[in-house]
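1. from the sequence below, what's the structure:
(chains A, B, C and D)
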Protein chains: 2
Amino acid sequence: MIRTNPELMAYAEKLFSKGDWDLHEESFGSKERIMEQDHRYGKVYLIREGIAKCFISDENGKEFIQEFLGEGMEFGELEVFSNKLTICAVESITPLKAFSFTHGCFSQLLENDTRFNQLVMKALADKIRYKAPRHSYQHAYPIEDNIIRLKKLFPEFTEVISKKDIANYIGITTRSLNRALKELKEKVDR
Amino acid sequence: MIRTNPELMAYAEKLFSKGDWDLHEESFGSKERIMEQDHRYGKVYLIREGIAKCFISDENGKEFIQEFLGEGMEFGELEVFSNKLTICAVESITPLKAFSFTHGCFSQLLENDTRFNQLVMKALADKIRYKAPRHSYQHAYPIEDNIIRLKKLFPEFTEVISKKDIANYIGITTRSLNRALKELKEKVDR
DNA sequence: CTTAAAAAAGGACATTTGTCCCAACAATAA
DNA sequence: TTATTGTTGGGACAAATGTCCTTTTTTAAG
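-> Below you'll find the predicted structure:
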């Protein structure tokens, strides 16, 4: 549920400590908006510590959470490859520390550092791999099954992430989430 | 709705005609299964002509269509980056012509051909960009709106793609699709 | 042309999920 | 402390969607 990428994380640490790249560290408090949807930025971020959410919101203000980003996850990288606006907003859930690459620096690394190139490529591939079954599962199974699945994957999810965010992640209303949670509990008690 | 990638297409043509890479062309009839889910293959395909569907199916046999692949779209590439099993099955809808790269050839191209590397990276990024709003939209809006949207994007979609596939793409049953289509028609007639 | 098989359309009913509320209980600021 | 706002939990009803089945239409096969 909260995605991570230790390999990329480790490599970024190494690049940072070497210091020959234009790599910075930035800090954010919790609930800070780091990127807006449909905007243009010149930076790519890589989370060093903390959790953020990446979401799309529609004109009615409904949020649909794409991913919860943990250590080693990047965002803002898609806009390096195609010169378009952001599709997601990103907001910190906990306080955050992140590396920031300028687009220029990121491109240069991609071009000159084979290992970096591979890791970024793999990170993109993983994002695709991860999304596919998730959405199909959410459509095909009742809410309850989805929650059971989340609990297995990430037992303490209710402690870190708000109900609203969980609902927006599954793509349902909080009302439906509560109903499902209640029915689940009743089943366990019996 | 049916995705394409002209840039990558053009570049693959060029590579093919030069002939110094181990690149082959393969042909398939319609409704042929080209890749199974949860399997391992040693090839990456790039569609030269025709349309295919890429889908996940669950234990009950329900299909959820990820993408309709048109000219210039690749599949089987994710498995080059992480050594895992396929997540999707791929089946031709129309007769198909496709380039096939061995994993080895694909990797070498990635490493030695900067332009190819960029194009593949961009193709991955586009797959991510494309998926995000699609799923959020499908959740947030009633079926009717989704169909109207599809019609605008791709007016002739009912002629090429079966109702069943369209339903599986939107993530609904054929019954619901028919209901929505009927109501739409009635609205237009009035 | 005839028959079988597949795809499309839709009726009737059950179930799920959403909408619109309101109440209880924090956490926070004044 | 007292408002105030936000989060959580849930009741009652409405709307959307799915399930199951039957009928019609289209396509393919003999």
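
2. could you list every residue that touches the one residue sitting closest to the centre of chain A?
-> Of all residues in chain A, the one closest to the mean position by Cα atoms, centre = their mean is A:L69, 2.9 Å from it. Contacts were defined as Cβ atoms under 8 Å, 6 or more residues apart in numbering or on different chains; by that measure A:L69 touches A:2-3, A:47, A:51-54, A:75, A:90. Where C-beta positions appear, they are placed from N, C-alpha and C, glycine not excepted.

3. check contacts around the closest residue in space to it that isn't next to it in sequence.
-> In this structure, A:L69 finds its nearest non-sequential neighbour in A:A52, 4.6 Å apart by Cβ to Cβ, 6 or more residues apart in numbering or on different chains. For A:A52, the set of contacting residues under the criterion of Cβ under 8 Å, 6+ apart consists of A:34, A:68-69, A:75, A:90-93, A:96.

4. same deal with A:G29?
-> A:G29 makes contacts with A:92, A:95-96, as judged by Cβ under 8 Å, 6+ apart.

5. mark which of the residues you listed are buried, thanks.
-> In the contacts of A:G29, burial by neighbour count holds for A:92, A:96, counting by 16 or more other Cβ atoms under 10 Å in any protein chain shown.

6. each with direction, which strands does the host helix or strand of A:F64 pair with?
-> Secondary-structure element containing A:F64, defined by DSSP states H and E: strand A:63-69. Strand pairing for strand A:63-69, determined by DSSP bridges: strand A:2-3 (parallel), strand A:52-57 (antiparallel).

7. got the buried residues for stretch A:83-103?
-> Burial within stretch A:83-103, assessed by neighbour count using 16+ other Cβ under 10 Å, is assigned to A:86-93, A:96, A:98-103.

8. would it count as contacting DNA strand C?
-> No: interface with DNA strand C: stretch A:83-103 contributes nothing (Cβ under 7 Å from any atom of the strand), its closest point being 13.2 Å away.

9. right, quick check: that stretch against chain B, any contact?
-> Yes: residues of stretch A:83-103 contacting chain B under Cβ under 8 Å from any Cβ of the partner chain: A:84, A:87-88.

10. any idea which of those is closest to DNA strand C?
-> Nearest to DNA strand C among those, counting by Cβ to the nearest atom of the strand, is A:C88 at 20.6 Å.

11. so what does the lengthiest helix in chain A touch, helix or strand wise?
-> Longest helix of chain A, by residue count under DSSP state H: helix A:114-140. Contacting helix A:114-140 under the criterion 3 or more Cβ pairs under 8 Å, 6 or more residues apart in numbering or on different chains; DSSP states H and E are the following elements: helix A:6-18, strand A:63-69, helix A:103-112, helix A:143-153, strand B:52-57, strand B:63-69, helix B:78-81, helix B:114-140.

12. returning to what we had before: can you tell me which of the strands paired with strand A:63-69 is most buried?
-> Most buried of these, by mean neighbour count (mean count of other Cβ atoms under 10 Å in any protein chain shown): strand A:52-57, with a mean of 22.

13. tell me the angle of that strand relative to helix B:114-140?
-> With axes from the mean of the first three to the mean of the last three Cα atoms, to 10 degrees applied, the angle from strand A:52-57 to helix B:114-140 works out at 70 degrees.

14. so what's the residue in chain A that DNA strand C sits nearest to up against?
-> With distances taken as Cβ to the nearest atom of the strand, chain A approaches DNA strand C most closely at A:S176, which sits 2.8 Å away. With contact set as Cβ under 8 Å, 6+ apart, A:S176 has these partners: A:143, A:167.

15. mind listing what's buried in the host helix or strand of it?
-> Taking DSSP H and E as the criterion, the element that holds A:S176 is helix A:174-189. Within helix A:174-189, the residues that qualify as buried are A:177, A:180-181, counting by 16+ other Cβ under 10 Å.

16. please apply the same query to stretch A:103-115.
-> Going by neighbour count (16+ other Cβ under 10 Å), the buried part of stretch A:103-115 is A:103, A:105-106, A:109-110.

17. now those residues as JSON lines including distance to B:A125 and pLDDT?
-> Putting the buried residues of stretch A:103-115 into JSON lines (distance: Cβ to Cβ, whole Å; pLDDT from 0 to 100) gives the following:
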{"residue": "A:H103", "distance to B:A125": "13", "pLDDT": "96"}
{"residue": "A:C105", "distance to B:A125": "18", "pLDDT": "96"}
{"residue": "A:F106", "distance to B:A125": "12", "pLDDT": "97"}
{"residue": "A:L109", "distance to B:A125": "16", "pLDDT": "96"}
{"residue": "A:L110", "distance to B:A125": "12", "pLDDT": "97"}
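
18. nearest to chain B, of those residues?
-> Nearest to chain B, judged by Cβ to the nearest Cβ, of the buried residues of stretch A:103-115 is A:L110 at 7.5 Å.

19. give the contact list for the closest residue to the closest one other than its chain neighbours.
-> Among residues not flanking A:L110 along the chain, A:N117 sits closest, at 5.1 Å (Cβ to Cβ, 6+ apart). The contact partners of A:N117, by Cβ under 8 Å, 6+ apart, come to A:109-111, B:117.

20. with distance to DNA strand C added, can I get those in CSV?
-> Converted to CSV, those look like this (distance: Cβ to the nearest atom of the strand, whole Å):
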residue, distance to DNA strand C
A:L109, 39
A:L110, 40
A:E111, 45
B:N117, 40
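
21. near DNA strand D, from those?
-> With Cβ under 7 Å from any atom of the strand as the criterion, no member of the contacts of A:N117 is in contact with DNA strand D.
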